[in-house]
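**Q** need the 3D shape of this:
(one chain, ligands or ions: 1)
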Amino acid sequence: MRVLLIGPPGAGKGTQASRIADHFDLARIATGDLLREQVANGTELGKVAKEYMDRGDLVPDDLVIEMTRDRMVEANEEGGYVLDGYPRTLAQAEAAYRWALARGIPFDLTLYFEIEEQELLARLAGRAREEHRSDDTEETVRHRLEVFANQTRPLVDYYQRRGILVPINAVGPIDAISEEIFATLHWHKARTMSAGVNRPEWVLGPTAT
Ligand code: AP5
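**A** The predicted structure follows:
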């Protein structure tokens, strides 16, 4: 199973990605975590990425695409993955799509986490008090929300046109949200297995953007 999660900062993507990965025995590929690891290790990529991340901007597409590809191959060979925070721009989505199509491993489902801005601000303020993430300051969080609206939100239409978008109500108890997601993924898995090949991404092809 190859699942990707889209949602604004604080929507709960990381929280639910870990649970999905455990429940379905998938690898979790979280570009934010991978980039923070590069920053912590002081690599060349980390030095470049830090400037963008501290401002709340997206790291350039080519760097993120390159960083993510090998991990997707490895994870696919081990049974699949849940992508947390990637793709995040139309350029990333197109690159991921063409690359996956060429290898016969298109995405199965995109879960879109729907949530109001007030709830996001409250959650991230709470995390800022506990974890001190450098991009969780109030000003940077507001900028990250704008970046989401301008650069990532268009992916909702993109995946809807491909027929693989499922909205998830991301407000409420964490366990209840997990249950909704698990039910959605189990249903999809059963349907795909009983129907043989049922992959809207295949049907639409790369020009359906
Ligand atoms: P990234 O680490 O991906 O951050 P983000 O998308 O802004 O997401 P967050 O981690 O803030 O939130 P989340 O949705 O994962 O929520 P979480 O589960 O943590 O990216 C950071 C930066 O890296 C980007 O700004 C960019 O610079 C760069 N980057 C990453 N990917 C990139 C890409 N593809 N291209 C270019 N640049 C990229 O939950 C948040 C809080 O809420 C937690 O405290 C949690 O405990 C709590 N919470 C979760 N669920 C609930 C609930 N149901 N009720 C109450 N509280 C909850």
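
**Q** rounded mean pLDDT for stretch 183-191, please.
**A** Over the span of stretch 183-191, the pLDDT mean works out to 90.

**Q** for it, buried residues please.
**A** Going by neighbour count (16 or more other C-beta atoms under 10 Å), the buried part of stretch 183-191 is T184, L185, H188. C-beta here means a position set from N, CA and C on the backbone, and glycine is covered the same way.

**Q** helix or strand right after whatever helix or strand A21 lives in?
**A** A21 belongs to helix 13-24 when elements are defined using DSSP states H and E. Helices and strands here follow DSSP H and E; after helix 13-24, the next one along the chain is strand 27-30.

**Q** just checking: what are the partner strands of that following strand?
**A** strand 81-84 (parallel) (DSSP bridges).

**Q** F113 belongs to a helix, doesn't it?
**A** No. Read with DSSP: H, G, I helix; E, B strand; the rest coil, F113 is strand and lies in no helix.

**Q** and R103, what's its pLDDT?
**A** Reported pLDDT for R103: 86.

**Q** of all of this structure, which residue lies closest to the ligand?
**A** Going by C-beta to the nearest ligand atom, the ligand is nearest to G32 of the chain, at 1.9 Å.

**Q** surely that residue touches D84?
**A** Yes. Counting by C-beta atoms under 8 Å, G32 touches D84, with 7.4 Å between them.

**Q** what touches both of the two?
**A** G14 (C-beta atoms under 8 Å, 6 or more residues apart in numbering).

**Q** now the element after the helix or strand hosting A122, going C-ward?
**A** Element membership of A122, judged by DSSP H and E, is helix 117-131. Per DSSP H and E, helix 117-131 leads on to helix 138-147 as the next helix or strand towards the C-terminus.

**Q** near the ligand at all, the top helix by length along the chain?
**A** Criterion DSSP state H: the longest helix present in the chain is helix 174-195. Yes. Counting by C-beta under 6 Å from any ligand atom, the ligand has neighbours in helix 174-195: I174, I177.

**Q** now do stretch 34-46
**A** Yes. Stretch 34-46 lies within reach of the ligand by C-beta under 6 Å from any ligand atom, at L35.

**Q** re the thing from before, tabulate the buried residues of stretch 183-191 (a markdown table), appending distance to V39.
**A** Shown next, in a markdown table, are the buried residues of stretch 183-191 (distance: C-beta to C-beta, whole Å):
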| residue | distance to V39 |
| --- | --- |
| T184 | 34 |
| L185 | 32 |
| H188 | 35 |
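
**Q** the ligand contacts on this structure?
**A** Near the ligand, when you scan the chain using C-beta under 6 Å from any ligand atom, you find 7, 9-15, 31-32, 35, 52-53, 56-59, 64, 85-86, 88, 92, 123, 126-127, 135, 144, 174, 177.

**Q** can you flag the buried ones in the residues you listed?
**A** 7, 9-15, 31-32, 35, 53, 56, 58-59, 64, 85-86, 88, 92, 123, 135, 144, 177.

**Q** hang on, the earlier thing: chain center to the longest helix of the chain: distance?
**A** Centre-to-centre, helix 174-195 and its host chain are 17 Å apart (C-alpha atoms, centre = their mean, to the nearest Å).
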